[in-house]
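> have a look at this prediction, sequence included:
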4 protein chains.
Amino acid sequence: MEAIIVKPPEAGITFQNLDYKNNGIKIKILENGICGTDREIVKGQLNSAAIPAGSNYLILGHEAIGTVMEDGTIFKKGDIVMPVNRRGCGKCLNCLVGRPDFCETGNFVEAGIKGMQGFMGEYIYDDEKYLVRVPAGIKNMAILAQPLADLEKSMDEIINIQKRMIWRCSDNTFHCRNALVIGTGTIGVLFSLLLKTYGFSVTIANRRYAHDKESKICNIADIKYYNSATGYKFDDNSFDLIIEASGSSADVISQTMGFLKNNGIFGLFGFIRSGELSINSHMLQDFVYKSIAMVGLINGQKPHFEMAMDHLMQWKYMYPGIEKLLITDEIKISDREKITTVLTEKSKDEIKTRILWD
Amino acid sequence: MEAIIVKPPEAGITFQNLDYKNNGIKIKILENGICGTDREIVKGQLNSAAIPAGSNYLILGHEAIGTVMEDGTIFKKGDIVMPVNRRGCGKCLNCLVGRPDFCETGNFVEAGIKGMQGFMGEYIYDDEKYLVRVPAGIKNMAILAQPLADLEKSMDEIINIQKRMIWRCSDNTFHCRNALVIGTGTIGVLFSLLLKTYGFSVTIANRRYAHDKESKICNIADIKYYNSATGYKFDDNSFDLIIEASGSSADVISQTMGFLKNNGIFGLFGFIRSGELSINSHMLQDFVYKSIAMVGLINGQKPHFEMAMDHLMQWKYMYPGIEKLLITDEIKISDREKITTVLTEKSKDEIKTRILWD
Amino acid sequence: MEAIIVKPPEAGITFQNLDYKNNGIKIKILENGICGTDREIVKGQLNSAAIPAGSNYLILGHEAIGTVMEDGTIFKKGDIVMPVNRRGCGKCLNCLVGRPDFCETGNFVEAGIKGMQGFMGEYIYDDEKYLVRVPAGIKNMAILAQPLADLEKSMDEIINIQKRMIWRCSDNTFHCRNALVIGTGTIGVLFSLLLKTYGFSVTIANRRYAHDKESKICNIADIKYYNSATGYKFDDNSFDLIIEASGSSADVISQTMGFLKNNGIFGLFGFIRSGELSINSHMLQDFVYKSIAMVGLINGQKPHFEMAMDHLMQWKYMYPGIEKLLITDEIKISDREKITTVLTEKSKDEIKTRILWD
Amino acid sequence: MEAIIVKPPEAGITFQNLDYKNNGIKIKILENGICGTDREIVKGQLNSAAIPAGSNYLILGHEAIGTVMEDGTIFKKGDIVMPVNRRGCGKCLNCLVGRPDFCETGNFVEAGIKGMQGFMGEYIYDDEKYLVRVPAGIKNMAILAQPLADLEKSMDEIINIQKRMIWRCSDNTFHCRNALVIGTGTIGVLFSLLLKTYGFSVTIANRRYAHDKESKICNIADIKYYNSATGYKFDDNSFDLIIEASGSSADVISQTMGFLKNNGIFGLFGFIRSGELSINSHMLQDFVYKSIAMVGLINGQKPHFEMAMDHLMQWKYMYPGIEKLLITDEIKISDREKITTVLTEKSKDEIKTRILWD
């Protein structure tokens, strides 16, 4: 079969014909999604990228949907599915209960990234327990469920952490809670939509005016857009939750943390590339006085993929036309030149690019 | 009655005879504890110190035990009790459910600190619902229950936060978990003992050799002492939990955070006085990759005072002689000179100083 | 305005013109749903039915959707909303945090049932905090959100209770869990669909063959139908969860409880009308040996109404055509004769009957 | 070594010399406790009793403390320990996380009861992970930690279940909660003391006047005694929690369940021997209206043994002289006649009988 392979830490991709077989049921890949991690691997910049044991290449890709090719015990031929991308170490308690997002040994594997063949090929073979059903009606935006699953897990974790106190409002919802999301990439946009779904008031920020698609999304989902080109100016106690989803400089954390309210929480999702987070003694005292928490957020597992599918279905009703705003580009697998380009650099305005195998 | 009063933001204390009466049952004060917050108020350095509305002075003191002077509905004349020191705003949900430690408005009051008369007087009057029973057998160390209550709340919160994953070990205890406590003051020592009680392996650190009493405490409670005079050198992934209890410079956080293991948690308890916490982008990425959390910890409430009493009882069995090591000084109220001194500066080796009214 | 009123404990309804005004924003009623509780009130059989203080009649109806008639602070003129039907006692902690489903005093009120005017009128006036937004795309089935909210709360409670142990499967979902739902009325059918949405395998039971609509629903949602006309015969340990949703005789509980697996839970939702639940000593021992729980389930609150709206959106994708199977009858308000009939007796095959005011 | 062995389903015990060796460190038994389960095995009445695979006898005994005979990795020679009595199936998730009390397969083993050699011998050998440290100061009552561990788990489970709503009082404690404990055997008495420790008001009931020791215990621990010889008469809504700890007839459940308040919980701990629990339709409706739960409670694990040790230490301070009231008899192992007697029938007034091996 044909597949896109990489050989980290070398840069570059190869379209290769492979004689590939694995355990599990056979799934024909329909499409892949591309994210920043793919580009870092392709550029040879992701230190944690690792070729699977016993192989001399890594099939790229951790976002995929495909068609089941044969009847299994759970799925039937023709079912559309999405594979979960991280698999547990088999040893620590979190992995044993299906939560390798909290793997304690660090010996998990990740499809297309670390120690496990990815999904950018004509076929994959997989154990049915790692497959998530894709409802037919959302097939055209289901590829978003992988990144969204990471955010579902994040929200689940945040809400668990906040059970340390009463964080729900007097009507037992989250409607009195305000969130700031930093960054307008895939993660920033999806996180903002998810927070709206949870009932939060949401402000999304970037260091420029909103692009056209961003404005449209903010408009249909009642999200405020904040241009932080000249810094962040809010009242004290403005936010109950701040999500760093830009992965840019650490400065944005220092600049916004002070706007957290009592019992507030700062969620770190983006992989900060540069800068240094500086927290002065006054802010550290506030951390204590205000019972503030800061937490790193990563990786969704099977329940979160299912929650993501559920939310995508809702969004089609809540935000008509949302899929056209979120899926910003589609490329046929035969267009190798363009694929090579998008796997190297993000196009302006990209939210999610799909690679189509059919 | 006689009381020790202050007039923040002025420095200094006065022994004053007051004509004092309040709602609630009458309690004769037996003893007070002194902590760093008292000294900050006395030195005029605590910005949040505030005289109660309608008064022109603040009775100092938030750590006290006393004898009930009249039969109430819960307590009887002669019962020994400790009053809870923070009282809710009456409006936010956390205060309504008895948890002003998570007050959302910030309009709580604190005895002897902010907006409420304190406990350093011959008598207080209080609503029985704010009183905690002191078992007779631990009267000689019960004054420790107030600071310990803050730590009971902290551990309760930490364990709640860690319910985001499986944090208990394969025998469902915490025996596989390692904690580092920074600081050997009252808080550092009590937090270390509490963590031992929870089953953790504990290392306590200070920038010098252990004093004699510290060595003895470490010895009877199986706590490791770490001299950080030349910095912190541990293996990666050494700690599941780090508690900052020194309230010294922010540097200690930057220097130790990197030793946290996957799913680790950094608890900020001390009020950092100086320096700046710097977290570089590599550590911020680790925060994400390792699902690390950092959280501010403050103030115990009634259930935590009760837990503190429970633990003090245990400690007398688990650590014979511990009360003599923890109570480092006792001063009679008649010794005004010495009281003035201890309310201004901490004595070397102090863990807890008691003021005796009898 | 015109409204349907009752005067419990008298039987019968009256179509009455009222000069009706209340606090809150004005909402024009679009439609009402009818449930068994309405019929009990109309038949004078509901002991807890109570006319609001200061009135001499009770407007019937606790299921409604309507159009907001004026701009409020949360909603705008033209928004479609559903009012929450139970309101708190204002005193107990559960009511203060927006959870009168767990009211401890019992002094809550319920629209159209107990101490609060209901929704079967041309207009209502309500505080915006009790209104739930109805997404336009599900208007034709949104009336189901009120009964479904009760089930959302029930599932939320069940999952909370089961946090006493690990109840999720090794893939962290509920796909390994089996549920039996007794009863094929509105509640039985909606509970079965909800359990499927949560990932359970579901068997629904009634003492007869499935009617045509029931068969269709079971078919599109992959629910097993069980005809219990000759009793219940399953293997031991067949179910992790059994829901009594028939409200018929207590016998069904005795007959099915024994099929619960270790850590299983029996949920009582229906109001049992007759019979006696008998549990022999052998079954009681099993209750202990197997850590079984039995729990009464009642009333959803605002977060559950929102969850219900979310699930109805999903169901339109997951189960195409489901709304036509669930909404079994529609009656215009002008057809007084038919309304009087449906408010007295349930029609064969009824799942949900809507009264249309337009 | 000498040991007391049984051969279920045969009745009777034998004092036997065995050539016994097992994996783990060697522990010299100091004493055993006797409970009703031992007597059922000895009388050949416990259906679940089972000889370990590969053996033709079962060493009796699941309550023991002993002295470690050699240095291990956790314990040192001379340490006093208590072994946990139930061990997991090794397969289900609950057993993998150290909670075989919620074993899902049922394939756990229990020392001295089912499939695992017990502790009534001169020595045992055990994996250190199953050993719990006994503080020296409570050695004379530590044998109570095994039955108490079961109750610690029960309370932990009850409090987890009640997280479905706000169950804590407005001071965040349990002081406003009332409990009824049925039965005055070991379990009834220990459960009452534990509930007092948790802050509940407690009534303990039996169908006769209180014996002298029971009166004394009630007196020092402020527990109300209720003589139910002529039935149970309380006001409605009297109890938030009822614990069945008599293991007598199912009638007591039917007779008391109606006194539960809204959100109340009925805990089944005793193994009901006879009778039938009848719940009429009125009470079943109350189950629903009042959100009542009934739950089977069984078996404590390592964290609960540790909690039990903690509470025993507290009790010595809270209830001076309690150990003499709770330990009602001590028998030397050399007194074979008396041992044979106490292993067959419970003595009047027995709370806990210790067998001493020294």
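Ah, there it is.
> can you pull the contacts of A:L260?
With contacts defined as CB atoms under 8 Å, 6 or more residues apart in numbering or on different chains, A:L260 is in contact with A:N237, A:F239, A:D240, A:I242, A:F266, A:K290, A:I292. For the C-beta atoms, the positions are set from N, CA and C on the backbone; glycine is no exception.
> how much space separates the first one from B:E104?
This means A:N237. Using CB to CB, to the nearest Å, A:N237 is found at 9 Å from B:E104.
> hang on, the earlier thing: of all the contacts of A:L260, which comes closest to D:I161?
Using CB to CB, A:D240 is the member of the contacts of A:L260 that sits closest to D:I161, with 29.1 Å.
> sheet-wise, list the partners of the helix or strand harbouring that closest one with their directions.
For A:D240, the element it lies in under DSSP states H and E is strand A:239-244. Applying DSSP bridges to the sheet, strand A:239-244 is found paired with strand A:178-182 (parallel), strand A:260-268 (parallel).
> now the ones you listed in JSON lines, with mean pLDDT?
Converted to JSON lines, the strands paired with strand A:239-244 look like this (pLDDT from 0 to 100):
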{"stretch": "strand A:178-182", "mean pLDDT": "98"}
{"stretch": "strand A:260-268", "mean pLDDT": "98"}
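> among the contacts of A:L260, find me the one that's closest to chain B.
Nearest to chain B among the contacts of A:L260: A:I292, at 5.1 Å, using CB to the nearest CB.
> overlap in contacts of A:N237 and B:E104?
A:K261, A:N262.
> out of those two, which sits in the busier spot?
Taking other CB atoms under 10 Å in any protein chain shown, A:N237 and B:E104 do not tie; B:E104 has more neighbours (24 against 17).
> just the pLDDT for that one.
pLDDT for B:E104: 98.
> which strands or helices does the helix or strand encompassing A:D150 pack on?
Under the criterion of DSSP H and E, A:D150 resides in helix A:145-161. Other elements packing on helix A:145-161 under the criterion 3 or more CB pairs under 8 Å, 6 or more residues apart in numbering or on different chains; DSSP states H and E are helix A:186-197, strand A:260-268, strand A:293-296, helix A:302-318, helix B:145-161.
> quick one: that helix to helix A:302-318, angle?
110 degrees (axes from the mean of the first three to the mean of the last three CA atoms, to 10 degrees).
> quick check: angle from helix A:145-161 to helix A:186-197?
50 degrees.
> near chain D, which residues of chain A?
A:L93, A:L96, A:V97 (CB under 8 Å from any CB of the partner chain).
> distance of the nearest residue to A:L193 once chain neighbours are set aside relative to A:L325?
With sequence-adjacent residues excluded and distances taken as CB to CB, 6 or more residues apart in numbering or on different chains, A:L193 is closest to A:A221, at 5.7 Å. Look at A:A221 and A:L325: by CB to CB, they are 10 Å apart.
> check A:I113 too.
Per CB to CB, A:I113 is found 28 Å from A:L325.
> quick check: mean pLDDT of stretch A:38-48?
95.
> can I get the helices and strands packed on helix A:145-161 in TSV with distance to C:L18?
Listed next are these as TSV, based on distance: least, CB to CB, whole Å:
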stretch	distance to C:L18
helix A:186-197	39
strand A:260-268	45
strand A:293-296	52
helix A:302-318	36
helix B:145-161	51
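> looking at those, which is nearest to C:P83?
Once the helices and strands packed on helix A:145-161 are compared by CB to CB, helix A:302-318 is nearest, at 20.3 Å.
> OK, contacts around the nearest residue to A:N262 once chain neighbours are set aside?
Take A:N262 and drop its neighbours on the chain: the residue closest to it by CB to CB, 6+ apart is A:K290, 4.6 Å away. A:K290 makes contact with A:L260, A:K261, A:N262, A:N263, A:G264, B:G296 under the criterion CB under 8 Å, 6+ apart.
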